[in-house]
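> Compute the structure for the input listed below.
(one chain, ligands or ions: 1)
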Amino acid sequence: MRIDKFAAEQTGISRADAKALIKRRQIIVNGVPVSSGDVHVDPENDEIIIGGKHIIYREHLYIMLNKPAGTVCAVKDELSPTVLELIPPELRRKGLFPAGRLDKDTEGFVFITDDGALAHKMLSPRSHVEKEYEVTLEKPAKESYKELFASGMTIDGGEKCLPAEIIFTEDSKKVRLIICEGKYHQVKRMMEAAGNKVVFLRRIRIGGIPLDPELPLGNCREILHKEVANLYAKQ
Ligand code: URA
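Numbers count the residues shown, from 1 in each chain. Below you'll find the model as predicted:
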């Protein structure tokens, strides 16, 4: 692979920026500053330092973001800050996008990647990847919700949902809900169909990957490849 392509893909800089770094002798391969963008490197085996940073090659990057309210799950937005703007420079690279959406006022786990094939599979309704939410309700939850959600309820517009699981907590206005699809505003619409209203929503798990409790709101961390393997695991 060309070093300028490698630098752009792995760090998110432009090819022009990569050329400028090469000119300043700031791209070093196996201890030797690179003299031109068309030098070829072996991403798996060469030791590559770009702008003083040792680059560990990854074909794809997987990121966990603890999304704060007020940001939108989009690559670009004219009006609101996007989740991509919260990615720190060391995790930026070309082609990142949020795999799945949370509403602007929802907090919690957003999965960001540049792996289109994995995102496609993860988002496919046939994959049945579980999503778990902490839900704060306007009114106390009723015992009857258990059966209602488990039976696969119909929401507004006549859309039928797959069976979902509700978990009650000590606070009757706080429940956890596990769904395995991703219809538009699904949790809010399910609660409305049950005669209640969501006042706060946070996603705390996708498949077998829980939101890291140590990850502060608005922060990101890399999801390691061995954790990605848990995506399709049930909890
Ligand atoms: N369901 C919703 O209603 N909103 C979200 O952000 C996610 C799931």
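> okay, which residue is most central for the protein?
With distances taken as Cα atoms, centre = their mean, residue 111 lies nearest the centre of the chain, 1.1 Å away.
> how close does that residue get to residue 138?
Per Cβ to Cβ, to the nearest Å, residue 111 is found 29 Å from residue 138. In short, each C-beta sits where N, CA and C put it, glycine included.
> that older thread, near the ligand, anything from the helix or strand hosting the residue nearest to the centre of the chain?
If you go by DSSP states H and E, residue 111 is part of strand 107-113. No: judged by Cβ under 6 Å from any ligand atom, strand 107-113 makes no contact with the ligand; its nearest approach is 8.4 Å.
> what ranges of this structure fall below the confidence cut-off?
Scanning the chain for pLDDT under 70 picks out 235.
> Run through the helices of this protein in chain order.
Ranges of helices within the chain are 3-11, 15-23, 116-123, 145-150, 186-193, 225-228, based on DSSP state H.
> and those, which is most packed in?
Mean neighbours per residue, mean count of other Cβ atoms under 10 Å, is largest over the helices of the chain for helix 3-11, with a mean of 22.
> what ranges do the strands span in the protein?
Using DSSP state E, the strands of the chain run over 27-29, 32-33, 48-50, 53-54, 62-67, 97-98, 107-113, 131-137, 165-168, 174-179, 198-206, 209-210, 220-222.
> Tabulate those strands (a markdown table), appending distance to residue 9.
Output for the strands of the chain, formatted as a markdown table (distance: least, Cβ to Cβ, whole Å):
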| stretch | distance to residue 9 |
| --- | --- |
| strand 27-29 | 13 |
| strand 32-33 | 20 |
| strand 48-50 | 11 |
| strand 53-54 | 15 |
| strand 62-67 | 15 |
| strand 97-98 | 15 |
| strand 107-113 | 14 |
| strand 131-137 | 30 |
| strand 165-168 | 40 |
| strand 174-179 | 35 |
| strand 198-206 | 25 |
| strand 209-210 | 24 |
| strand 220-222 | 16 |
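> Many thanks, we can stop here.
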